[in-house]
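*Asks:* Next one to model:
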Amino acid sequence: MIVIEDKMQNIKIDEDLCIALGTFDGIHIGHQKLIKEAVSSAKSKKIKSAVFTFNKHPFNVLKPEHNIKIITDNKTKVQIFKSLGVDYVFFIDFNAEFANIMPIDFIECLHKQFNVKSIVCGYNFTFGRFGTGDVDFLRKYQNIYHYDLKVIEKVTLNNISISSSKIRKKIEEGKIEEANQMLGYNLFFYGSVIEGKHLGNKLGFPTANLDIPLNLCLRNGVYITQTYINEKKYPSISNIGFAPTLDCKERILETHILNVNENLYDSYVKIEFLKFIRDEVKFNNIEELKKRVYNDIYTAKRYFELDNFCLH
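*Replies:* This is a model prediction of the structure:
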């Protein structure tokens, strides 16, 4: 899979493309249906499949005061796109200039710069200045610019329509199991293990530490997780936040892998979130913290035992 991050006008693709258009925050079951359609259509036409998305959430450019939290960062998105069989991923630089592009100029750029022969998008997809482009606009010009158009209708789960905003709310409420159902996979973060302050070792439970974006919508607190190292799965417990008892200054993801103590510095790991246990708390002293962490670990071990969790 080829990943390109740049301004739209700087990209030039010579191969014919079937392109999926969208923000794709979370890449939930609706997004997956759309992307799978693009991949399938590309294969049937013997052309390449592509995802056209953005390097930042559009609302955080158009309405920065809202400070939209993201469900998935770009590294994590790449892992999901790759698993869906996509050939190209374009992270377009979403800035004020791009936001002001006229809808017809957007379509012309897809035609000339991206060699688009087929477009797949959601029923509510909008584009161009003030969102004045929509699926009707795409239909109007498809014969002029010689592309097929496939529009994916609303996707529901238990008669509830699926959207990134609903999933975001579930995650922020700590309702991870419900969010995972809407996503169609376990919410995860993919990143490189960094060297921390070795506080976990001193407390008796070593952790793998990962930097996470400040605007990742995961609620600060403790989670039951499972961690993938070189595609092997391990039960784990994770904390997201600022470790207030230890007065840390940066938001970080710390994961204690149960019954494993390896040096993972610079290794890439995948951490899946299964259940929210509790909010982050500032304890009166280190002993109180240790007692609560051991209790959290016991809760995690019970969770995996009850679910017949086994190592692969």
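*Asks:* got the contact list for I68?
*Replies:* By C-beta atoms under 8 Å, 6 or more residues apart in numbering, the contact set of I68 is 57, 59-60, 215. The C-beta positions use only the backbone N, C-alpha and C, and glycine is treated the same way.
*Asks:* Could you rerun that using 6 Å?
*Replies:* Contacts were defined as C-beta atoms under 6 Å, 6 or more residues apart in numbering; by that measure I68 touches 57, 59-60.
*Asks:* Between the residues you listed, which sits nearest F242?
*Replies:* N60 (21.9 Å; C-beta to C-beta).
*Asks:* pLDDT wise, what is the closest one at?
*Replies:* Here, the pLDDT recorded for N60 equals 81.
*Asks:* now swap in F205 and tell me
*Replies:* Predicted confidence (pLDDT) for F205: 75.
*Asks:* any idea how far E254 is from it?
*Replies:* 9 Å (C-beta to C-beta, to the nearest Å).
*Asks:* Most neighbours out of the contacts of I68, which is it?
*Replies:* With neighbours taken as other C-beta atoms under 10 Å, the top of these is H57, carrying 20 neighbours.
*Asks:* residues in contact with that residue?
*Replies:* Here H57 is in contact with 68, 70 (C-beta under 6 Å, 6+ apart).
*Asks:* How far off centre is stretch 151-169?
*Replies:* 16 Å (C-alpha atoms, centre = their mean, to the nearest Å).
*Asks:* What is the end-to-end distance of it?
*Replies:* 26 Å (C-alpha to C-alpha, to the nearest Å).
*Asks:* which one among the contacts of I68 gets closest to S83?
*Replies:* Nearest member of the contacts of I68 to S83, counting by C-beta to C-beta, is H57, at 21.8 Å.
*Asks:* what about the closest one, which SS state?
*Replies:* Applying DSSP: H, G, I helix; E, B strand; the rest coil to H57 yields a three-state assignment of coil.
*Asks:* Beta-bridge partners for L21, please?
*Replies:* For L21, the beta-bridge partners under DSSP bridges are F52.
*Asks:* Report the residue spans of this structure with pLDDT below the cut-off.
*Replies:* When residues are selected by pLDDT under 70, those of the chain lie in 196-204, 243-249, 262, 306-312.
*Asks:* Mind checking which residue lies nearest the centre of it?
*Replies:* The residue lying closest to the centre of the chain (C-alpha atoms, centre = their mean) is T72, at 2.1 Å.
*Asks:* which ones are touching that one?
*Replies:* G26.
*Asks:* phi, psi of it?
*Replies:* phi -130, psi 130 (degrees, to the nearest 10).
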